[in-house]
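> Prediction below, plus the sequence it came from.
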Amino acid sequence: MADVEELKRKAGIEACKFVKSGMKVGLGTGSTVKHTVVELGRRMADEGLEIVGVPTSLATEKLAKEVGIKLVELSEIDGLDIVIDGADEYDPNFQLIKGGGAALLREKIVAQESSAMVVVADDRKRVETLGAFPLPIEVTPFSHEATVRALSRLLDCRVNIRMAGDGPVITDNGNMIADAHTGLKIVDPVSAEADILLIAGVVQVGLFNNMCDAVVLAGTNGVETVINPNGRL
Ligand code: 5RP
């Protein structure tokens, strides 16, 4: 059986081919893209690669500092050349579900500021229809019960506040994550995103539509780069 961790490592490292000296790079969050961050740090130390990074979470910020990547704030620069990030699912139109690591808000802000987005994944993440993975939605702590009820009515499914032990998961932004168990039902992710964002207590939803330009996908037969024909790469 394929070692999933090894597949993640291969995809994470392969995606570094998109990064050239002088680039401003968004650094995603998760167990796959962490390999990208480590490899970028290695290339800076060993090969003279010169980049600056913008992390998408406190966890990635810590890792990037440990491996020697110079970090900047989005406010200091005028956009990013590329962001490399993980995903929980991607469909044939390169629409994504993200937020399994509770970092979707910063990830989406960074992706929105980037001229290109590359996703790193193992082949379990490729789906025909989004929604088997519970859709992560960042919500305000204020009246989160009401927001969960509104989401449940809208999506016609069970919605749970994500827990960690006895308490709710609190994001880097001080919010909570509601996971919507939609099932294989998100056939129109663009409309779903717009509808979900109309609910006042929703801060952001983990549907990343029309953002992904390529997926670096690791499977048992090797690593493959799938370019979005409608993308920017
Ligand atoms: C974090 C994310 C992650 O990128 C996503 O959950 C994939 O993570 P992993 O590579 O660990 O499976 O969206 O919010």
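Now that the structure is in, tell me what you want to look at. Numbering: from 1, shown residues only.
> So which residues on the chain come close to the ligand?
Applying Cβ under 6 Å from any ligand atom, we find that the chain lies next to the ligand at 28-32, 85-88, 98-104, 107. All C-beta spots, glycine's among them, are computed from the backbone N, C-alpha and C.
> Sort out for me which of these are in strands.
Of the positions in the residues of the chain next to the ligand, 85, 86 sit in strands, assigned by DSSP state E.
> Quick check: ChimeraX command selecting the buried ones in the residues of the chain next to the ligand.
Typed into ChimeraX, the next command selects the buried ones out of those (criterion: 16 or more other Cβ atoms under 10 Å):
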select :28,29,30,32,85,86,87,88,98,99,100,101,102,103,104,107
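> Sort out which of the residues of the chain next to the ligand are in helices and list them.
Applying DSSP state H to these, the entries found in helices are 104, 107.
> Quickly list the domain ranges of the protein.
The record's domain parsing of the chain by automatic domain parsing lists 2-126+209-225, 135-205.
> Redo those domains as a markdown table? Include distance to residue 231.
Shown next, in a markdown table, are those (distance: least, Cβ to Cβ, whole Å):
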| stretch | distance to residue 231 |
| --- | --- |
| domain 2-126+209-225 | 3 |
| domain 135-205 | 16 |
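> how about JSON lines for the ones you listed, with mean pLDDT added?
Shown next, in JSON lines, are the domains of the chain (pLDDT from 0 to 100):
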{"stretch": "domain 2-126+209-225", "mean pLDDT": "97"}
{"stretch": "domain 135-205", "mean pLDDT": "97"}
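> now, of these, which is deepest in the fold?
Compared across the domains of the chain, domain 2-126+209-225 shows the largest average neighbour count, a mean of 20 (mean count of other Cβ atoms under 10 Å).
> what's the spacing between that one and its chain's center?
8 Å (Cα atoms, centre = their mean, to the nearest Å).
> Got phi/psi on the closest residue to residue 160 other than its chain neighbours?
Nearest non-adjacent residue to residue 160, counting by Cβ to Cβ, 6 or more residues apart in numbering: residue 179, 5.4 Å away. Main-chain dihedrals, residue 179, degrees, to the nearest 10: phi -100, psi 120.
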